[in-house]
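Q: need coordinates for the below:
(one chain, ligands or ions: 1)
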Amino acid sequence: MSSIPSPHFPSPSQFKFADDWPRHSLLATALLDATNTLGRWRRRPELLGWLSDGHLRAQDAPVLVPGCGSGRDLPLLAARGIAVTGIDYTPAAVALTRERLARAGLVAPLVQVEHADVLNWLPPAPVGAVIERTCLCALHPDHWLRYAQQLHAWLLPGGRLFAQFEQAPRAEAAEGWVAGPPYHCDINAMRALFSADRWAWPKPPYPRGAEGDHLTMVLTKLNE
Ligand SMILES: C[S@@+](CC[C@H](N)C(=O)[O-])C[C@H]1O[C@@H](n2cnc3c(N)ncnc32)[C@H](O)[C@@H]1O
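A: The predicted structure is shown next:
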């Protein structure tokens, strides 16, 4: 297991809601599990679409999934022979994901789960693809720039970021509160964070995805 530095929590005075993400995350993991049993989110239609239309290929492996949570993307890739590494700093999420993968007979080196902070972790070598699905919105915006730099550093030139940016606008934001998690991933903020001098963007508008709450797009890391 990777060593895990202290989580990057902003002080509660910086925003309205206590940012106790491990606690939120345990609850979120339980909720996600319950939702899984309903089947609505299990399908991962965008990921399956990227796999079936060849956007996401075995040559991109290993694929990284930061903030993998209960790890639902991992078996979809591993079952197709695409090596994948999930990263999460919540012990319960890591344990649950590892247990699920073991039960499915999916093992290292095809699939791995790192217990680590995405703000500090580095892969052994740059990779061809990263799936960003609701890790960014779990981070306080004070850490967004660092996270975006990490995603950039993890990818090879020409590597792709398969992004699903959570849409969770908050009324309090208009009153000046920095509210979350989840923190709303406004498209203007995304354009500034993943700036056009470092990333190739498809043309807008960006679809909201089948669940209706994630702006979905593939960004490509530019050669520098
Ligand atoms: C909303 S969940 C998303 C789970 C998964 N990507 C999915 O789509 O089902 C966000 C996850 O990010 C993880 N996370 C938040 N901040 C993190 C950090 N700094 N390092 C590693 N994981 C983090 C949380 O533990 C949580 O499991």
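Q: buried residues in the longest strand belonging to the chain?
A: Longest strand in the chain, counting residues (DSSP state E): strand 155-166. For strand 155-166, burial by neighbour count (16 or more other C-beta atoms under 10 Å) applies to 155, 159-166. Glycine gets a C-beta too; all of them are placed from N, C-alpha and C.
Q: residues contacting the nearest residue to Pro62 once chain neighbours are set aside?
A: Counting by C-beta to C-beta, 6 or more residues apart in numbering, Pro62 lies nearest to Ala83, which is 4.1 Å off, once chain neighbours are set aside. Ala83 makes contacts with 61-63, 77, 109-111, as judged by C-beta atoms under 8 Å, 6 or more residues apart in numbering.
Q: per-residue pLDDT of Ala83, please?
A: Per-residue confidence (pLDDT) for Ala83: 97.
Q: same question, Gly86
A: So, for Gly86, pLDDT stands at 98.
Q: how about Asp117?
A: Listed pLDDT for Asp117 reads 98.
Q: just give the nearest non-adjacent residue to Ala210, would you?
A: Nearest to Ala210 is Pro45, by C-beta to C-beta, 6+ apart, at 4.2 Å.
Q: and stretch 47-56 with the ligand, contact?
A: No. Judged by C-beta under 6 Å from any ligand atom, stretch 47-56 stays clear of the ligand, getting no closer than 9.5 Å.
Q: related to what we said a few turns ago, distance of the residue nearest to Ala210 relative to the ligand?
A: Using C-beta to the nearest ligand atom, to the nearest Å, Pro45 is found at 13 Å from the ligand.
Q: burial measure for that residue, as a count.
A: By other C-beta atoms under 10 Å, the residues close to Pro45 number 12.
Q: I'd like the next helix or strand past the lowest-mean-pLDDT helix or strand in the chain.
A: The helix or strand of the chain with the poorest confidence is helix 21-38; it has a mean of 46 (mean pLDDT, DSSP states H and E). Where DSSP states H and E defines the elements, the next helix or strand beyond helix 21-38 is helix 45-52.
Q: mind checking what helix or strand follows that next one in sequence?
A: strand 63-66.
Q: and the helix or strand just after that following strand, how far out from the chain's middle?
A: Of the helices and strands lying after strand 63-66 in sequence (DSSP H and E), the nearest is helix 73-78. Mean-position distance between helix 73-78 and its chain equals 14 Å (C-alpha atoms, centre = their mean, to the nearest Å).
Q: so is helix 73-78 next to the ligand?
A: No. Using C-beta under 6 Å from any ligand atom, helix 73-78 stays clear of the ligand, with a minimum separation of 6.8 Å.
Q: relative to the next helix or strand after that helix, what are the paired strands and their orientations?
A: Tracing the chain past helix 73-78, the next element assigned as helix or strand by DSSP H and E is strand 84-88. Under the criterion DSSP bridges, strand 84-88 sits next to strand 63-66 (parallel), strand 111-115 (parallel) in its sheet.
Q: can you name the residues in contact with strand 84-88?
A: Strand 84-88 has contacts (C-beta under 8 Å, 6+ apart) with 61-69, 71, 73-74, 77-78, 94, 97, 110-116, 118, 121, 123.
Q: could I have that strand exported to CSV, CA atoms only?
A: Taking Å, rounded to 0.1, in the frame of the first residue of the first chain, the C-alpha atoms of strand 84-88 are listed here in CSV:
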residue,chain,number,x,y,z
VAL,A,84,-6.6,-0.3,-14.6
THR,A,85,-5.6,1.3,-11.4
GLY,A,86,-8.0,2.9,-9.0
ILE,A,87,-6.8,5.4,-6.4
ASP,A,88,-8.8,6.5,-3.4
